[in-house]
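K.L.:
no FASTA, just this:
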């Protein structure tokens, strides 16, 4: 049975343009009793799609919006303090939360931007999604009626303030990926919402919003909401169309786009450039997009080629360094990352020690900037600790725990007030970086940046660092203090080349990790899996309870080896095709480990 015949009805009922495939798949999941995760960028209509399907099925919708401070009690339910003080923990004192209400009504629990929620809130969903039951202390068992499902949305991991869901929770969802719609669909959305706005205004506003998504200076582009704002504002700002759209774009876009950190241009300069590009195109036909989609794809392809062409070879970098004593010039972002990528070769070809030191300083700064640009704000998961209140502290009162302390007491004391704090989870990590012949150049620079992520942003992590080829080298021991600059410098100076002995590195990492103060211990191996000496690393991997492998893809990588090592180490293998993926993959691993049960050395 297919649901394609239902799609036009949903589109008509909720005013949705396009999205035929997404609506059909969402409907199939929910009617099958499956929980659904909808993932896509900001502004692509994730919420509209989820609510439209639930509305079409006639299910009540209980909505929860993602918030780092949202608690388990808010989701499941809480006891009303005045009623508890008067009657005790009776059922009348319980106020059901969205999860409980959705279960009891057979409705839809809609969790918007779920990956902004703390892991404790996510974990309370597991029994409800698995078995349709939750246990609430002093209330009892809540059983879900037929029809209960969870629909959640999340922004991609690269968006600010988002975190990875635990593997256990992700496994309970069916995934529906949605992206920006075609230019024709987006133009139709703008026209539907702004029928009074002239065709050309709508077309140019839509083109401008879409252009921000593939502009080389923009990290995150604007959604169709920006197009509607530009179109709506333009006519009221000027009688001249180009002037009105320019002014409208300067109002609508700065809050909706995110510039690349390495960009030297301001957001206003980029907006002016995009508007100028837009008005260099001829007016559109009535109701048609400003530009053919094939032209847009060609433009994107050319931009990628130009970006690749900007990369400099070693000889050119040597010439630049030897020909300039201007530190500000040679450390500029358009040169700095090329120096970082090629530092190992530059160190050999440069004859002047002062120039080598200059290249190293530039490479260190460029590596750090590149990581920060790619990663954005991050944080490790926390847990809630509860304890009696201390005078003068600024902590939130745990109302339910405090009620349990004071109910039926005639005299109250300060220790009866229970407060809660979010504490970072402890984690110890053995990071093992392949610096052998097959991992030189760009791949070593990639892994260097991944280490910088761990050192700079995840300060609650206790870690050790090993680089290895045929022999392991300990760059940082457990408990050793090391600045970020020193760490990146040591990584850049690491001897690259030689044979690859993965088994030896795993053994060394396991032994050092045992010295960590926390028992929550994991290993992370960055390699292409192409070992040439030593024993089979699969056996050494078994000494880790959690060992994750980040495999850099290349023509000589060994995915089979990497998968076997990760599997035997109780973890997973994550292939990465390029530098940009490594920081986020590393962050994903750390988030998932922190959300799960503590690991350790066997």
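P.N.:
Here it is on my side, so go on. Being a predicted model, the structure only gives us computed values, none of them experimental.
K.L.:
correct me, but residue 22 touches residue 178?
P.N.:
Yes. In terms of CB atoms under 8 Å, residue 22 counts as a neighbour of residue 178; the distance is 5.3 Å. Any C-beta I mention is one placed from the backbone N, CA and C, and that applies to glycine too.
K.L.:
These two - which one has more neighbours?
P.N.:
A direct count of neighbours by other CB atoms under 10 Å for residue 22 and residue 178 places residue 22 higher, at 23 against 19.
K.L.:
List the residues that contact the more buried one.
P.N.:
Residue 22 makes contacts with 49, 176, 178, as judged by CB atoms under 8 Å, 6 or more residues apart in numbering.
K.L.:
same check, this time on residue 474
P.N.:
If you count contacts by CB under 8 Å, 6+ apart, residue 474 has them with 464, 465, 466, 508, 512.
K.L.:
did I read that right, the third one in a helix?
P.N.:
So the one you mean is residue 466. No. Counting by DSSP: H, G, I helix; E, B strand; the rest coil, residue 466 falls outside a helix, being strand.
K.L.:
That one: how many residues sit nearby?
P.N.:
Residues lying near residue 466 (other CB under 10 Å) number 24.
K.L.:
likewise the last one?
P.N.:
The number of residues packed near residue 512 is 19, by other CB under 10 Å.
K.L.:
Mind listing what's buried along the host helix or strand of it?
P.N.:
Using DSSP states H and E, residue 512 sits within helix 502-513. For helix 502-513, a neighbour-count test (16 or more other CB atoms under 10 Å) marks 502, 503, 504, 505, 506, 507, 508, 509, 510, 512, 513 as buried.
K.L.:
Including pLDDT and distance to residue 343, could those residues go into CSV?
P.N.:
Output for those, formatted as CSV (pLDDT from 0 to 100; distance: CB to CB, whole Å):
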residue, pLDDT, distance to residue 343
502, 94, 24
503, 94, 28
504, 93, 25
505, 94, 22
506, 95, 27
507, 94, 29
508, 94, 25
509, 93, 25
510, 93, 30
512, 93, 27
513, 90, 29
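K.L.:
mind putting the residues you listed in JSON lines, distance to residue 526 included?
P.N.:
Output for the buried residues of helix 502-513, formatted as JSON lines (distance: CB to CB, whole Å):
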{"residue": "502", "distance to residue 526": "11"}
{"residue": "503", "distance to residue 526": "16"}
{"residue": "504", "distance to residue 526": "15"}
{"residue": "505", "distance to residue 526": "10"}
{"residue": "506", "distance to residue 526": "12"}
{"residue": "507", "distance to residue 526": "17"}
{"residue": "508", "distance to residue 526": "15"}
{"residue": "509", "distance to residue 526": "12"}
{"residue": "510", "distance to residue 526": "16"}
{"residue": "512", "distance to residue 526": "17"}
{"residue": "513", "distance to residue 526": "16"}
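K.L.:
of those, closest to residue 80?
P.N.:
Nearest to residue 80 among those: residue 513, at 48.3 Å, using CB to CB.
K.L.:
Name whatever forms a beta bridge with the closest residue in space to the closest one that isn't next to it in sequence.
P.N.:
Spatial nearest neighbour of residue 513, excluding adjacent residues (CB to CB, 6 or more residues apart in numbering): residue 430 at 4.4 Å. For residue 430, the residues forming beta bridges with it (DSSP bridges) are residue 464, residue 523.
K.L.:
What of the one 4 residues further on?
P.N.:
Residues in a beta bridge with residue 434, per DSSP bridges, are residue 468.
K.L.:
How far does stretch 427-435 sit from its chain's centre?
P.N.:
21 Å (CA atoms, centre = their mean, to the nearest Å).
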